[in-house]
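Asker: Need a 3D model of the following:
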Amino acid sequence: MGRTLPSITQFFYQEQGALARFRRALRRSDQVILDDLFVSAQKHLAAAAYASHALPMEIFLLAMLLEEHKEVLHLRTLVERLGVRDD
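Answerer: Residues are numbered from 1 along each chain as shown. Got it, this is the predicted structure:
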């Protein structure tokens, strides 16, 4: 029999666990931010599974970046609505 590959969800939790020491070394405020980034990546596990990329951590990082960019665009829209100019 061939070997079974972990599901994308299992791999996600393995990667999160592998970074546990790094997380503990961060300041508490940065730990919360890192946790939020992992929540962002977790929102896109279905897309990551569909992509079936050889390096899933790259997909997780891209998902984090995607969520951060969505937030930037949202904030930019709010600033424009307020009429704040950057001149």
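
Asker: Quick check: mean pLDDT of whichever helix or strand Arg76 is part of?
Answerer: In this structure, Arg76 sits in helix 56-82 according to DSSP states H and E. For helix 56-82, mean pLDDT is 95.

Asker: Quick check: which helices or strands does it pack against?
Answerer: Contacts defined by 3 or more Cβ pairs under 8 Å, 6 or more residues apart in numbering; DSSP states H and E place helix 56-82 against helix 8-18, helix 28-42, helix 45-51. No exception for glycine: its C-beta is placed from N, CA and C like everyone else's.

Asker: Name the residues of the first one that are buried.
Answerer: Using 16 or more other Cβ atoms under 10 Å as the burial criterion, the residues of helix 8-18 that qualify are Ile8, Phe11, Phe12, Gln16.

Asker: and these as a markdown table, adding pLDDT and distance to Ser52?
Answerer: Formatted as a markdown table, the buried residues of helix 8-18 follow (pLDDT from 0 to 100; distance: Cβ to Cβ, whole Å):
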| residue | pLDDT | distance to Ser52 |
| --- | --- | --- |
| Ile8 | 92 | 8 |
| Phe11 | 93 | 11 |
| Phe12 | 95 | 14 |
| Gln16 | 96 | 20 |
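
Asker: thinking again about what came up before, and the angle from the helix holding Arg76 to helix 28-42?
Answerer: Interaxial angle, helix 56-82 versus helix 28-42 (axes from the mean of the first three to the mean of the last three Cα atoms, to 10 degrees): 100 degrees.
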